[in-house]
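*Asks:* sequence below, structure please.
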Amino acid sequence: MFMTDKLVVEDLHVSVEGKMILKGITLELSKGEVIAIMGPNGSGKSTLANTLMGHPKYKIEKGRILLNGEDITNLPAHERSLKGLFLSFQYPVEIAGVTMTNFLRTAVNARRKEPVSVIDFHKLIKEKMKLLSMNEQFRKRSINEGFSGGEKKRAEILQMLVLEPTFAILDETDSGLDVDALKVVAEGINTFKGAERGIMLITHYHRILNYVRPNKVFVMSEGRIIRSGGADLAYEIEKNGFEDVQKTKSRMNKV
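*Replies:* The predicted structure follows:
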């Protein structure tokens, strides 16, 4: 893989309101890969996600972010989106008065030289909604307004499927989902996977990794990556917990 086929994070240090949260994160996500970012609450996982997407609240003190070979460290969020980056929010917000259809068609057209026709777009969104077992009426509703937790997460995956970004960052998409909803969301993620796309799955739990198998697993703690490995590392965490991984790292540092 060439540098132009990757989302690259180099020595990233990030603060929020003067408090340092990320303390030297370095990792790569290549096209065709799924990587999982795991860690306990407060480890910095969501800070990483929001920083990659360009949230202005998160200040990069050191390091850089490269997308397909281009330095995007200082680009605003909308420009990162147009260049192929996507973030599925941990807590999707409600936007009254803006329907899913209008929102997604506007977003799709922002990425095209010629606008998609109404007929073609409706065909596209209906096809993607079917994959996620979503009632067609959802496309006429305001974004996330009155949606259950599971419906909000499906709506996030629907956006990903319709927009077809190069790299998707999924911030705890599995949280709050029952088993059936988890399987549907995982099927949507697996449908999105491909040689020209990369996925970063941020999660507390191993369970979604039963359905979406990662190529690599990174474990975060206190703003740092303390361990990395293959998919088996997620099973180890499920069995022994994050505390055991942290203790193992501590013992290794003393040797």
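*Asks:* tally of neighbours for Glu196?
*Replies:* Residues near Glu196, counting by other CB atoms under 10 Å, number 10. Bear in mind the C-beta positions are built from the backbone N, C-alpha and C, glycine included.
*Asks:* shouldn't Gly54 be in contact with Leu75?
*Replies:* Yes - at 6.2 Å, Gly54 counts as touching Leu75 under the criterion of CB atoms under 8 Å.
*Asks:* neighbour count winner among these two?
*Replies:* Neighbour tally, Gly54 and Leu75, criterion other CB under 10 Å: the higher count belongs to Gly54, 21 against 17.
*Asks:* from Lys83, how far off is the nearest residue to that one once chain neighbours are set aside?
*Replies:* In space, and not counting its chain neighbours, Gly54 is closest to Ala77: 3.8 Å by CB to CB, 6 or more residues apart in numbering. As judged by CB to CB, to the nearest Å, Ala77 and Lys83 stand 11 Å apart.
*Asks:* could you do Gly44 as well?
*Replies:* Distance, Gly44 to Lys83, using CB to CB: 24 Å.
*Asks:* tell me which of these two has more neighbours.
*Replies:* Between Gly44 and Lys83, Gly44 has the larger neighbour count (other CB under 10 Å), namely 24 against 16.
*Asks:* quick check on the more buried one: phi, psi?
*Replies:* When read as degrees, to the nearest 10, the backbone of Gly44 gives phi 110, psi 10.
*Asks:* leaving out chain neighbours, which residue sits closest to it?
*Replies:* Gly44's closest residue in space is Gly223 (CB to CB, 6+ apart), at 4.3 Å.
*Asks:* pull the contacting residues for the one you found.
*Replies:* By CB atoms under 8 Å, 6 or more residues apart in numbering, the residues touching Gly223 are 20-25, 43-44, 47.
*Asks:* out of these, flag the one nearest to Ile143.
*Replies:* Thr47 (24.4 Å; CB to CB).
*Asks:* residues touching the closest one, list them.
*Replies:* By CB under 8 Å, 6+ apart, the contact set of Thr47 is 14, 16, 21-22, 58, 223.
*Asks:* most neighbours of all those, which one?
*Replies:* Neighbour tally across the contacts of Thr47 (other CB under 10 Å): the maximum, 28 neighbours, falls on Leu22.
*Asks:* give me the distance between that residue and Asn41.
*Replies:* Taken as CB to CB, the span from Leu22 to Asn41 is 15 Å.
*Asks:* Gly149 now?
*Replies:* Distance from Gly149 to Asn41, by CB to CB: 18 Å.
*Asks:* more neighbours, the two?
*Replies:* Neighbour tally, Gly149 and Asn41, criterion other CB under 10 Å: the higher count belongs to Gly149, 14 against 8.
*Asks:* setting aside sequence neighbours, what's the nearest residue to Pro115?
*Replies:* Asn109 (4.5 Å).
*Asks:* the one you found is in contact with Ser117, isn't it?
*Replies:* No - using CB under 8 Å, Asn109 makes no contact with Ser117, being 10.4 Å away.
*Asks:* so Arg64, which of the three states?
*Replies:* strand (DSSP: H, G, I helix; E, B strand; the rest coil).
*Asks:* so where do the strands sit in the stretch 101-250 of the chain?
*Replies:* Taking DSSP state E, counting those that start in this stretch, the strands of the stretch 101-250 of the chain run over residues 142-143, 167-171, 198-203, 216-221, 224-229.
*Asks:* how about JSON lines for the ones you listed, with mean pLDDT, mean neighbour count and distance to Met100 added?
*Replies:* Below are those laid out as JSON lines (pLDDT from 0 to 100; neighbours: other CB atoms under 10 Å; distance: least, CB to CB, whole Å):
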{"stretch": "strand 142-143", "mean pLDDT": "92", "mean neighbour count": "18", "distance to Met100": "6"}
{"stretch": "strand 167-171", "mean pLDDT": "97", "mean neighbour count": "26", "distance to Met100": "18"}
{"stretch": "strand 198-203", "mean pLDDT": "96", "mean neighbour count": "24", "distance to Met100": "22"}
{"stretch": "strand 216-221", "mean pLDDT": "96", "mean neighbour count": "22", "distance to Met100": "33"}
{"stretch": "strand 224-229", "mean pLDDT": "96", "mean neighbour count": "17", "distance to Met100": "36"}
